[in-house]
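S.K.: would you be able to build a 3D model of this:
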Amino acid sequence: MRILIVEDEHRIAESIKKGLEQESYAVDVCFDGESGYDLASTEDYDLIILDRLLPKMDGLAMCRQLRKDNIHTFILMLTAKGQTEDRVEGLDAGADDYLVKPFAFEELLARIRALNRRPKTQLSNILTMNDLTLNTLSFEVKRGATVIKLSQKEFALLEFLMRHPNQIVNKDQIIQHVWDYDSDILPNTVEVFIRYLRNKVDRPFKNKPALIQTIRGFGYKIGK
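M.R.: This is a model prediction of the structure:
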C-alpha cells in the first residue's frame, strides 16, 4: 500500500512516515499543499494523510481540487480543530475520514485499515489465492499449513499482487504501489523481488501449482 503524507510539521510527518514504514507501507512526504497536490494528482496512491492547515494550499482546498479533478484516492484528514462543524467541513470537502490531533498512532493505523477495507478490489483483511493466504493485520503468510517468512518489501509486493487476483500488473504499477517516490529502483528490481517471492511461495511446494506468473511483454499476475 502506498501512502502520501501532506503535513507541514516536519517532526510529525517524519514520525508518521517512520511508523508506517515499520508496518510495511510505502510512504512519501511533502510539507505544503501545492507540493502535495502535485504529487497526489500525478502519482498513484492508495491513501493520502492530509493536514488541514497547510502553507500555499490548505488541506480543504487541496481535497476539493482533487475531487474536482475526479481523483478518488482515500483521504484521511488530520487537524487540531475538533469541533463538529470543522469535521463536517472536512468531510464535505471530500475527505473520507477525520482524525483530531493529538492522536495515538494505533488509532491512525486502525483508521487506515478501516479505509483499506472499503470496496476497491477485495474487502477482507485475509487475502486468499488457492491455498495461499495473507493476513494484512498479523502480517502472516501461509501456504496450506506452512508459514512463509517474508521481508517487508516481499510482503508488500505479495499483498499488491493478491489485491489484483488474476490480473496482469506491469512493473510501473508495482513500483508505484510498493516503493516510495524517492526509492532508488533499478530496472531489474521488480524482477529480483518476484524471484524472491517465487523462491518462498512457489518453489518449496513442488506438488502444488505455481501461483506467481510472468506474462511475457506485459508483467506479472498471481492466479491458478
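S.K.: wait, what's in contact with residue 64?
M.R.: 93, 94 (Cβ atoms under 8 Å, 6 or more residues apart in numbering). The way it works is simple: take the backbone N, C-alpha and C, and place the C-beta from them, glycine included.
S.K.: low-confidence ranges, this structure, go.
M.R.: 82, 119-125, 182, 187 (pLDDT under 70).
S.K.: tell me the domain ranges of it?
M.R.: 2-116, 126-222 (automatic domain parsing).
S.K.: and those, which is most packed in?
M.R.: When the domains of the chain are scored by mean count of other Cβ atoms under 10 Å, the highest mean neighbour count falls to domain 2-116 (a mean of 17).
S.K.: first vs last residue of that domain, how far apart are they?
M.R.: When the termini of domain 2-116 are compared using Cα to Cα, to the nearest Å, they are 11 Å apart.
S.K.: and residue 1, how far is that from residue 203?
M.R.: If you measure residue 1 against residue 203 using Cβ to Cβ, to the nearest Å, the figure is 27 Å.
S.K.: what does residue 61 give?
M.R.: Applying Cβ to Cβ to residue 61 and residue 203 gives a distance of 51 Å.
S.K.: got it, and residue 170?
M.R.: 24 Å.
S.K.: hmm, residue 132 and residue 201 touching each other?
M.R.: Yes - with contact defined as Cβ atoms under 8 Å, residue 201 counts as touching residue 132 (6.5 Å).
S.K.: who touches both of the two?
M.R.: 141, 143, 211.
S.K.: what segments of the protein are strands?
M.R.: Under the criterion DSSP state E, the chain contains strands at 2-6, 26-30, 47-51, 74-79, 97-100, 126-129, 132-135, 141-143, 146-148, 212-215, 219-222.
S.K.: residue 164 is nearest to which of these?
M.R.: Of all the strands of the chain, strand 219-222 sits nearest to residue 164, with 7.5 Å by Cβ to Cβ.
S.K.: which elements pack onto the closest one?
M.R.: helix 152-162, helix 171-178, strand 212-215 (3 or more Cβ pairs under 8 Å, 6 or more residues apart in numbering; DSSP states H and E).
S.K.: residues in contact with residue 167?
M.R.: Applying Cβ under 8 Å, 6+ apart, the residues contacting residue 167 are residue 221.
S.K.: tell me the phi and psi of it?
M.R.: Per-residue torsions, residue 167: phi -120, psi 140 (degrees, to the nearest 10).
S.K.: who does residue 215 bridge with?
M.R.: residue 219 (DSSP bridges).
S.K.: from residue 167, how far out is it?
M.R.: Following Cβ to Cβ, the distance that separates residue 215 from residue 167 is 10 Å.
S.K.: from residue 21, how far out is residue 39?
M.R.: Counting by Cβ to Cβ - residue 39 and residue 21 are separated by 17 Å.
S.K.: let me fix that, I meant to ask about residue 38.
M.R.: 22 Å.
S.K.: same question for residue 37.
M.R.: 23 Å.
S.K.: and residue 224, by the same measure?
M.R.: Residue 224 is 33 Å from residue 21, by Cβ to Cβ.
S.K.: check residue 54 too.
M.R.: From residue 54 over to residue 21 (counting by Cβ to Cβ), the distance is 22 Å.
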